[in-house]
Each structure stands twice: as structure tokens, then as C-alpha cells.
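In: Quick one, what's the 3D model for this:
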Amino acid sequence: HNFSTSVFYPEIRQAESEDVLLQPLLVSVWFSGAVPRHLVHSNIPIEITVSLNEEYTLFTVPVIEIASQRSGEPHSNTVLLNQHDSRSMSDDMPISFLPLPATFDHMDSYHWAELSGTIQSWLVALEDTMTPEWTWGRDAFWYAFVAANPNFPAGKWAFWDPSIPLEGQFIEEWV
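Out: Predicted coordinates for the structure are as follows:
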């Protein structure tokens, strides 16, 4: 495996609150050299990983939008990544809750509750709980659930579908 790693520092914009917003980064990836035709049997997978220092992961999540240079149109796969699982979703598993709407307010627990409910519905609709997509969705659910219920497991908190187990590195460390 040959890989390249770079660290980027996005511009920061002051939000209306005391928070700041990380501005989008436009990153171009190009490939030097050519692959011999006899080695190419289908599409060549390219893995792109975006990670944040753990101290920021409760507040923001990177979203990757892929656009082909040839078409210039965004790819239908918008992918939410976290530093614990960088696998992307397959084309036949549409992620109905991504991208987050521009009106999503990460400081508003109602927005997080709405997102966790949407993710929960998406998870419950998946038939195979052994796929990487389901595991990724479970982890995304727990991030949103805790953001909506920061005192969990103490205090008052919303009920969740019992088919979503209290499993995964984040939630196990949280409780």
C-alpha cells in the first residue's frame, strides 16, 4: 500500500454564538503515472480518511463530498466519517440523514434529538446488523443520542429502540 498523509488547518469563522465554525476545505487528489490496463478489472477503490483530534469529535464531524474532476458533479455518496471507523457507505445503502441541513445547530439539543431519531429509524430499517454500515450507523446514533442527552445515563433521557445495543467504543466509554 502506498499512501500520502497531509495535515490541513481550515479557516475559522466566528459564529453568532461564542463558537467558531470550521470552513470547508477543497482538497484535490491526483495520481501520477498510469496503471497498466491488464491490472484493471473494474473500478479502482481509493480510501480517503478524515480525522479530527478526539477533543473536537463531540462538537463537529467531518463530511466528505466527492466530485469527479471529469463531471464536476457531487457523487451521490456523501459520507460521514469519524476517527474510529473510516469506512464509507456502499452505493446501495443511501444515508437519508446526510448531509446535515445547513440549518443544523450543533448547540441545539433538539437538533441532535431529531438527528438521533432519524439515524435510529435508518438503523432499524437495515436488515443485516453484521455489516460495517450498521456498525457505523450505530456509532453515529450514539454520538447524536449523547449530544441530545448529555447527562445520559443519569437524569432524564429519551428512550431508544432496544434493537440498538449499548455497544461501541464511544458509548461504552461514555457510560
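
In: Give the helix, strand or coil label for Leu21.
Out: What DSSP: H, G, I helix; E, B strand; the rest coil gives for Leu21 is strand.

In: so what's it bridging to?
Out: Beta-bridge partners for Leu21, by DSSP bridges, are Arg13.

In: looking at it, it is touching Phe59, isn't it?
Out: No - at 10.7 Å, Leu21 does not count as touching Phe59 under the criterion of CB atoms under 8 Å. Where C-beta positions appear, they are placed from N, C-alpha and C, glycine not excepted.

In: Would you mind measuring from the residue of the chain most remote from its centre to Ile46?
Out: Among residues of the chain, the one most distant from the C-alpha centroid is His38; the distance is 35.1 Å, by CA atoms, centre = their mean. To Ile46, His38 is 20 Å away according to CB to CB, to the nearest Å.

In: thinking again about what came up before, hang on, the residue farthest from the centre of the chain is in a strand, isn't it?
Out: No - membership of His38 in a strand is not supported by three-state DSSP, which gives helix.

In: Can you tell me how far it is from Trp136?
Out: Distance of His38 to Trp136, given as CB to CB: 35 Å.

In: Run the chain-centre distance for the helix or strand hosting Ala144.
Out: According to DSSP states H and E, Ala144 maps onto helix 132-148. Distance of helix 132-148 from its chain centroid, counting by CA atoms, centre = their mean, to the nearest Å, is 9 Å.

In: tell me the contacts of the closest residue to Ala144 other than its chain neighbours?
Out: Nearest-residue entry for Ala144: Ser116, 3.8 Å, with adjacent residues in sequence omitted and distances by CB to CB, 6 or more residues apart in numbering. For Ser116, the contact set (CB atoms under 8 Å, 6 or more residues apart in numbering) comprises 141, 144-145, 147-148, 158, 160.

In: how about a markdown table for the residues you listed, with distance to Phe8 added?
Out: Shown next, in a markdown table, are the contacts of Ser116 (distance: CB to CB, whole Å):
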| residue | distance to Phe8 |
| --- | --- |
| Phe141 | 28 |
| Ala144 | 26 |
| Phe145 | 30 |
| Ala147 | 25 |
| Ala148 | 30 |
| Ala158 | 36 |
| Trp160 | 35 |
